[in-house]
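In: Provided below for reference: sequence and predicted model.
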There are 2 protein chains.
Amino acid sequence: MSSAVTVTLVQQPFTVGAVSQNTEKVLSIAKASSADLLLFPELTLTGYPPEDLLLRQDFQQLVEQGLQQILDARLAVTLVVGHPWRDGEALYNAASVIQNGQLLARYYKQELPNHGVFDELRYFTPGDKACTFQLKGQTFAVLICEDIWHGGPAALAKSEGAEWALVLNASPYCVGKPAQREQILTTLAKRLKLGFVYVNQVMGQDELMFDGQSLVVSPSAEVLFRGANAEAELHTQELLPRDTLYPQPQPRAALSLEAEVYQLLVMATRDYVVQNGFPGAVLGLSGGIDSALTLAIAVDALGADKVQALMLPFTYTSGMSVEDAEAQAKAMGIEFGSVSIEPMYNSFMQQLTPLFAGRGKDTTEENLQARLRGVLLMALSNKTGRMLLTTGNKSENAVGYCTLYGDMCGGFAVIKDVPKTLVYRLAAYRNSLSPVIPQRVIDRPPSAELAPDQTDQDNLPPYDDLDAMIDAYVEQDKSLPEIVALGYDEATVRRVLHLIDINEYKRRQSAVGPKVTRRNFGKDRRYPITSWMRKQR
Amino acid sequence: MSSAVTVTLVQQPFTVGAVSQNTEKVLSIAKASSADLLLFPELTLTGYPPEDLLLRQDFQQLVEQGLQQILDARLAVTLVVGHPWRDGEALYNAASVIQNGQLLARYYKQELPNHGVFDELRYFTPGDKACTFQLKGQTFAVLICEDIWHGGPAALAKSEGAEWALVLNASPYCVGKPAQREQILTTLAKRLKLGFVYVNQVMGQDELMFDGQSLVVSPSAEVLFRGANAEAELHTQELLPRDTLYPQPQPRAALSLEAEVYQLLVMATRDYVVQNGFPGAVLGLSGGIDSALTLAIAVDALGADKVQALMLPFTYTSGMSVEDAEAQAKAMGIEFGSVSIEPMYNSFMQQLTPLFAGRGKDTTEENLQARLRGVLLMALSNKTGRMLLTTGNKSENAVGYCTLYGDMCGGFAVIKDVPKTLVYRLAAYRNSLSPVIPQRVIDRPPSAELAPDQTDQDNLPPYDDLDAMIDAYVEQDKSLPEIVALGYDEATVRRVLHLIDINEYKRRQSAVGPKVTRRNFGKDRRYPITSWMRKQR
């Protein structure tokens, strides 16, 4: 006779490399638990992705010690905890089921992703067996992350009698991913009459954001629970015996895209700054929308007392920019200052003029302005110990409308993978909570203000078009003719693709920043710098 | 009855992404050939590694067109040419044997490397069949690169009657690799009584150097030919019928390590600058050994007329540094200038002083000097169009003794993967050809000259010890106790490993530079930035 099983979904952050701290966290959650079953995220003990730490023997030893500590604690609750596991020559992405100090079962992940941001075949050997165990008369199987995206492992688990699959995940966020996960789980549940308890990691880790949004789906494909976005949570769910009806479930409603992404960027910024031991952040405020949004995120992530902004005006800086930057700094209650770059610019030009004899003005002088700002901000960062946040968006990153060692300076690129059109939507969303970004910043035509009366649209197509072209070329691998066929002017498309191609060298030296779109610049898109693909069109 | 077959080893560069140019090159070499057989390097048509270009359909179409062009040319010579090949859902790392406009055979690489700098499982499906063909009564098999490092594919080829394996390679250089390849081939030849014609790519491609050093090994394991290091070459070898004795072969002697690496760095620098369309290079000369060696390599790569150097002195710059920089510039016949950074430094400090009120002097002021130099050099680079070369070595890259956006500025980091101890050996080697680096630069204690009477050894162990620790930790994954057991002081080792750990963020924003050691910082060592591994010791 089977009875209800209570399972706690441990949607909590586990820092990469922090094996002893993660082990302590597992133990402290387990000791406080009164559930039957505790489900942790993928590679709980090491954090995800541990990357080449996995190649180190001393790292494997730490994992073995951590696991032994958990076994030795002889906990009452049954735990499902993730960790790498070496067996002979092979390393597995594993999960252990631990009960009363005994290893009840161990599962090896069967589907190892080696695409997009993932490199799991660099480290792991795939498993080929299901792993099931009984609790209170119900049968559970263990699966790990990518396993559910292929169907085979879930079907295998079902064929061995599983009624519920416990899925450990470190599933990186991108726009649309939460809905996709839910669709996959409900489809599998319907097809297999298998329930799913799906726990996702929740934290920022370098260029990845794990959004949480854990799920419980019943064997009849009802969504029983949706976890919080971008927040740690311990949710306990009752899993009823087969064919028992659930009272009408009332899972959380899905968030708007803007709310979801904004909350995640706040989480990612906090995690990157704090986990790396920085006492706060500094940034340059230009009066433009990118730095305005970045400031809002930074303050929401770290608190106003931990964020400092500098305005760095020059001849081409409009009065409006100065006013708006001041107004936002005031609205957000942060330390704010203004330093003109004019004396530095002049002293540089005085030394450079003889070297530049016979050559006219060009973008060199614009880059110089951006770089002087970079040097000033880095000096402030070095002196205060606070991390410089860089404020560029995906659109300018794509076409290289940014200055290497200038506005690209910084430890974390908060909105690096946010297209300009989404920057506007996120700014409007943040203002809908409380108005912090002056409306004029949102309404005015975007400009780098590096030359008189300059606007971004002097040289670029409107951002709606530009972002569509970037999406088609970068995220969808469409060709020039295919993009032109979407209704754009060929010369413009050609120029945009050329700019994307030739700016790989800049992106390669850019700060890390969180992935938001289906394909970010970083681990997700690995292009050669030296490439004559640009000469094939 | 079998007779002698002449095979030309096409040790030539094939640029990544340059499908149409590479196809033209194949055709022009083939049309001029009077050999029986032409063997090209791995992925001839796309260059190696094409990385995520392989995910693009338009890229696959270019490859199909290129291959069709080669078929249509109906060449007399039999060609073995490498290219990716799509068959249904699967993409293969393939080689085609083409004769008289006909596809005689096609081979799919069986062993796909997905370790170190390689990501082949991200793109390719492994083959599982040998591929043999007959020419003049002799039997040839095709193999690709990693295949020979496992033995299985060569044994399979032999079991299907092959007398010779034709091996297409894009085998990246690292110290010791050429001897390793030769050992593997002679061992396989001995074991299997199989001959090898091994052609390697020769060029620099971003962070990889393909050294050439192609090989021919007879079925009785004699080395019949060793190809040039770092130089394009077309060598024609006669492959004699079975059991015919070769006249006493006289292959090239192996080079000294210093000569080998120096020539490769020259090649890599030339290829990166030229392939990316830059008319020359600029660099900052400090009077120290790193910039001295980098300048020598740059001039040897590009010619004196294409290289310009700037000395950027400040209060802490010694007279000796100024004299030595001038002397080297003169010896190498390059354009040279000197610009004091003092006025810029003063104007920055004037603006920064109020912001820094209440805080003492620290490394901020040292970083500022380095960054002002970076800004000046980038301005020169932008104005002249010449690429800035950065001059840091592996030892300082490892422990973070370099300034982000300062001396780290530049498009290509020539000696990025050269440990300081090897920097000295390379400088001495270059001077042995003709004395261009003042002896004092080699003899004096190394110093960044960012503070009064500073030397590197104020804060770091002697470079002999430091390089040994870096090698143990970075290249060999040794643990703290294992490194201490090599005979070093624990506190020092602990500090060095901590510095290596916490400076990942700097390295992530560094310029690409060529891999020289067994494991370079870059694609070869993928460490998380956010990692608490440093808190586990």
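Out: Perfect, I can see it now. Worth saying up front: this structure is predicted, and the values here are computed from it rather than measured. Numbering: from 1, shown residues only, chains lettered A, B, ... in the order given.
In: any idea whether the residue nearest the centre of chain A is helix, strand or coil?
Out: Geometric centre of chain A, nearest residue: A:Met209, 2.5 Å, by C-alpha atoms, centre = their mean. Three-state call for A:Met209 (DSSP: H, G, I helix; E, B strand; the rest coil): strand.
In: what bridges to it?
Out: Going by DSSP bridges, A:Met209 is paired in beta bridges with A:Gly204.
In: residues contacting A:Ser291?
Out: Residues near A:Ser291 by C-beta atoms under 8 Å, 6 or more residues apart in numbering or on different chains: A:283-285, A:309, A:325, A:391. Any C-beta I mention is one placed from the backbone N, CA and C, and that applies to glycine too.
In: how does it look with 6 Å?
Out: A:285, A:391 (C-beta atoms under 6 Å, 6 or more residues apart in numbering or on different chains).
In: so which strand or helix has it?
Out: helix A:289-302 (DSSP states H and E).
In: what's the helix or strand just after that helix packed up against?
Out: Next along the chain after helix A:289-302, taking DSSP H and E as the criterion, comes strand A:307-311. The contact analysis (3 or more C-beta pairs under 6 Å, 6 or more residues apart in numbering or on different chains; DSSP states H and E) places strand A:307-311 against strand A:281-285, helix A:289-302, strand A:335-338.
In: could you dump the ones you listed into TSV with distance to B:Gln248 and mean pLDDT added?
Out: Below are these laid out as TSV (distance: least, C-beta to C-beta, whole Å; pLDDT from 0 to 100):
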stretch	distance to B:Gln248	mean pLDDT
strand A:281-285	71	98
helix A:289-302	71	98
strand A:335-338	79	96
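In: off-centre distance for stretch A:332-339?
Out: 28 Å (C-alpha atoms, centre = their mean, to the nearest Å).
In: so what touches that stretch?
Out: Under C-beta under 6 Å, 6+ apart, the answer for stretch A:332-339 is A:299, A:304, A:307-312, A:329, A:436, B:351.
In: ok, the residue nearest to the centre of chain A to A:Glu42 distance?
Out: 15 Å (C-beta to C-beta, to the nearest Å).
In: what do you get for A:Leu380?
Out: The gap separating A:Leu380 from A:Glu42 is 39 Å, by C-beta to C-beta.
In: more neighbours: those two, which one.
Out: A:Glu42 (27 against 23; other C-beta atoms under 10 Å in any protein chain shown).
In: quick one: average pLDDT of the strand or helix carrying A:Glu24?
Out: Here A:Glu24, judged by DSSP H and E, is contained in helix A:19-31. Averaging pLDDT along helix A:19-31 yields 98.
In: likewise stretch A:343-350?
Out: pLDDT averaged over stretch A:343-350 gives 96.
In: is chain B within reach of that stretch?
Out: Yes. For stretch A:343-350, a contact with chain B is found by C-beta under 6 Å from any C-beta of the partner chain, at A:343-344, A:347-348.
In: between the residues you listed, which has the most around it?
Out: If you count neighbours using other C-beta under 10 Å, the busiest of these is A:Met344, which has 30 neighbours.
In: residues in contact with that one?
Out: A:372, B:347-348.
In: picking that back up, reformat the helices and strands packed on strand A:307-311 as a markdown table; add distance to B:Glu111.
Out: Output for the helices and strands packed on strand A:307-311, formatted as a markdown table (distance: least, C-beta to C-beta, whole Å):
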| stretch | distance to B:Glu111 |
| --- | --- |
| strand A:281-285 | 47 |
| helix A:289-302 | 46 |
| strand A:335-338 | 58 |
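In: output the contacting helices and strands for the helix or strand where A:Ile483 lies.
Out: Secondary structure from DSSP H and E places A:Ile483 in helix A:480-484. Packed against helix A:480-484 by the contact rule (3+ C-beta pairs under 6 Å, 6+ apart) you find helix A:490-502.
In: after the helix it packs on, next one along is what?
Out: Per DSSP H and E, the first helix or strand lying C-terminal to helix A:490-502 is helix A:504-508.
In: what pLDDT, on average, does that next one get?
Out: Here the average pLDDT along helix A:504-508 is 97.
In: ok, stretch A:1-11 next?
Out: Here the average pLDDT along stretch A:1-11 is 94.
In: can you check stretch A:306-322 too?
Out: Mean predicted lDDT for stretch A:306-322 stands at 95.
In: keeping just the C-alphas, turn it into PDB.
Out: Taking Å, rounded to 0.1, in the frame of the first residue of the first chain, the C-alpha atoms of stretch A:306-322 are listed here in PDB:
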ATOM      1  CA  LYS A 306      27.200  50.200  -1.900                       C
ATOM      2  CA  VAL A 307      27.000  51.900  -5.300                       C
ATOM      3  CA  GLN A 308      28.800  55.000  -6.500                       C
ATOM      4  CA  ALA A 309      28.400  56.800  -9.800                       C
ATOM      5  CA  LEU A 310      30.500  59.300 -11.600                       C
ATOM      6  CA  MET A 311      29.500  61.600 -14.400                       C
ATOM      7  CA  LEU A 312      32.500  62.400 -16.700                       C
ATOM      8  CA  PRO A 313      31.400  65.200 -18.900                       C
ATOM      9  CA  PHE A 314      33.300  66.700 -21.900                       C
ATOM     10  CA  THR A 315      32.600  69.400 -24.500                       C
ATOM     11  CA  TYR A 316      30.100  67.100 -26.300                       C
ATOM     12  CA  THR A 317      28.100  66.200 -23.200                       C
ATOM     13  CA  SER A 318      24.700  67.900 -23.300                       C
ATOM     14  CA  GLY A 319      23.300  69.800 -20.400                       C
ATOM     15  CA  MET A 320      20.300  67.400 -20.500                       C
ATOM     16  CA  SER A 321      22.700  64.500 -19.900                       C
ATOM     17  CA  VAL A 322      24.200  66.100 -16.800                       C
END
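In: returning to that earlier point: and of the helices and strands packed on strand A:307-311, who's closest to B:Ala428?
Out: strand A:281-285 (44.9 Å; C-beta to C-beta).
In: contact residues of the stretch 351-500 of chain A facing chain B?
Out: So far as C-beta under 6 Å from any C-beta goes, the stretch 351-500 of chain A lies against chain B at A:351-352, A:356, A:359, A:364, A:367-368, A:371, A:375, A:379, A:382-383, A:405, A:409, A:477, A:479.
In: ok, A:Pro13 - contacts?
Out: So A:Pro13 contacts A:202-203 (C-beta under 6 Å, 6+ apart).
In: which element is it on?
Out: Short version: A:Pro13 belongs to no helix or strand, going by DSSP H and E.
In: number of nearby residues for the closest residue to A:Phe278 other than its chain neighbours?
Out: Closest residue to A:Phe278 apart from its sequence neighbours, by C-beta to C-beta, 6 or more residues apart in numbering or on different chains: A:Met387 at 4.2 Å. By the criterion of other C-beta under 10 Å, A:Met387 has 25 neighbours.
In: give me the beta-bridge partners of A:Met387?
Out: Beta-bridge partners for A:Met387, by DSSP bridges, are A:Ala281.
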